[in-house]
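Asker: Got a predicted structure here, sequence first:
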Amino acid sequence: MIANSDLARALLPAVRKAGAAILDVKARLETGEDLAQAKSDGSPVTIADEAAEAILLKALAEIAPDIPVISEENAASHQLAPPPAFFLVDPLDGTREFLRTDCEGAYTVNIGLIENGAPTLGILHAPARERTFWGVVGEGAFEGETSIRARTMPKPGGIAFISRSHHNPSTDALLEDVGITTTHRLGSSLKFALLACGEADLYARHSPTMEWDIAAGDAILRAAGGSVEKLDGSSMTYGKVEYRNEGFVARGR
């Protein structure tokens, strides 16, 4: 079986190719084309999501054909019972941000590998920012070929990311309790990667997410020395009912 570090490197070209396809659609959106529609849950999906997913699924089938894939845009895969090892794929995390004209490039391509309920490999690409992050738990995290490491939070003076779309008083209370003095609003899983490379200290989310939203970022952050915990303080696990998370706190060191 291919080692996780080799698997990550083999998948990087496909992740960047998916990012290029997303940027092509973004350029079309900026000319006024209507390329989005609503899914059954009311969330948006675009042809960028679909184009990126096709690229990623093809690469995964070629490189790791024996590992099942749970992908956001493949509703049938959400009914699968979680096997011991599986990929979680979000071909375009931050679709709402992607559709905004002032999104700050906060949308990402994501592949996470889950083994025995824990994330062990993650790849996260922010095409508009030309930044690619990846990590293998136990081996390290990287931006491109440069090693990255989460930082120890200064006290006081910590920096936290908060979601642009999902924010509530519980999050504010937690940030105050841990000594956060500066907050930045940012969309998508990019927040995990910026924690992993020491650009901030904490990201708290008290509203539900799906596992494919965070798996890649969680793996990268763990590989960089950080952690992702449920709101009760236990480590985040994967393969839950409907692949749903109920809240978490992601931290640097």
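Answerer: Cool, got the structure.
Asker: just the helices in this protein please.
Answerer: Counting by DSSP state H, the chain has helices at residues 4-29, 47-63, 95-99, 169-177, 190-196, 211-223.
Asker: Now the shortest one: average pLDDT?
Answerer: Meaning helix 95-99. On average, the pLDDT along helix 95-99 is 89.
Asker: what does that helix contact?
Answerer: 22, 26, 29, 36, 43-46, 48-49, 92, 103-104, 106-107, 164-165, 187-188 (Cβ atoms under 8 Å, 6 or more residues apart in numbering). Bear in mind the C-beta positions are built from the backbone N, C-alpha and C, glycine included.
Asker: Repeat the analysis, applying 7 Å as the threshold.
Answerer: With contact meaning Cβ atoms under 7 Å, 6 or more residues apart in numbering, helix 95-99 is reached by 26, 36, 44-46, 48-49, 92, 103, 106-107, 164-165, 187-188.
Asker: what does stretch 189-199 give?
Answerer: With Cβ under 7 Å, 6+ apart as the criterion, stretch 189-199 contacts 93, 106, 108, 110, 124, 126, 133, 135, 141, 143, 148-151, 161, 200, 203, 213-214, 216-218, 220-221, 224, 226, 250, 252.
Asker: Can you flag which of these belong to strands?
Answerer: In strands, defined here by DSSP state E, the members of those are 93, 108, 110, 124, 126, 133, 135, 141, 143, 148, 161, 203, 250.
Asker: Among those residues, show me the least confident.
Answerer: Lowest pLDDT among these: Phe161, 92.
Asker: between the ones in strands among the contacts of stretch 189-199, which has the most around it?
Answerer: Of all the ones in strands among the contacts of stretch 189-199, the highest neighbour tally under other Cβ atoms under 10 Å goes to Thr108, namely 35 neighbours.
Asker: OK, contacts around that residue?
Answerer: Thr108 touches 93-94, 124-126, 188-190, counting by Cβ under 7 Å, 6+ apart.
Asker: Roughly how far does it sit from Thr31?
Answerer: Noted for Thr108: a distance of 23 Å to Thr31, by Cβ to Cβ, to the nearest Å.
Asker: One more: Arg129?
Answerer: Applying Cβ to Cβ to Arg129 and Thr31 gives a distance of 22 Å.
Asker: Which residue of these two possesses the greater neighbour count?
Answerer: Arg129 (15 against 6).
Asker: pLDDT weak spots in the stretch 151-253 of the chain?
Answerer: Residue ranges of the stretch 151-253 of the chain with pLDDT under 70: 164-167.
Asker: Pro82 is in contact with Lys240, isn't it?
Answerer: No: assessed by Cβ atoms under 7 Å, Pro82 is found out of contact with Lys240, at 8.2 Å.
Asker: of those two, who's got more company?
Answerer: Remark: of Pro82 and Lys240, Pro82 carries more neighbours, 18 against 14, as counted by other Cβ under 10 Å.
Asker: so who does that one touch?
Answerer: Gly239.
Asker: For it, give its distance to Ile148.
Answerer: According to Cβ to Cβ, Pro82 and Ile148 sit 29 Å apart.
Asker: which one of the contacts of Thr108 is nearest Gly117?
Answerer: Nearest to Gly117, judged by Cβ to Cβ, of those is Ser189 at 19.5 Å.
Asker: Next, count neighbours for the nearest residue to the closest one once chain neighbours are set aside.
Answerer: Excluding the flanking residues, the one nearest Ser189 by Cβ to Cβ, 6 or more residues apart in numbering is Gly217, at 4.2 Å. Other residues near Gly217 number 32, with proximity taken as other Cβ under 10 Å.
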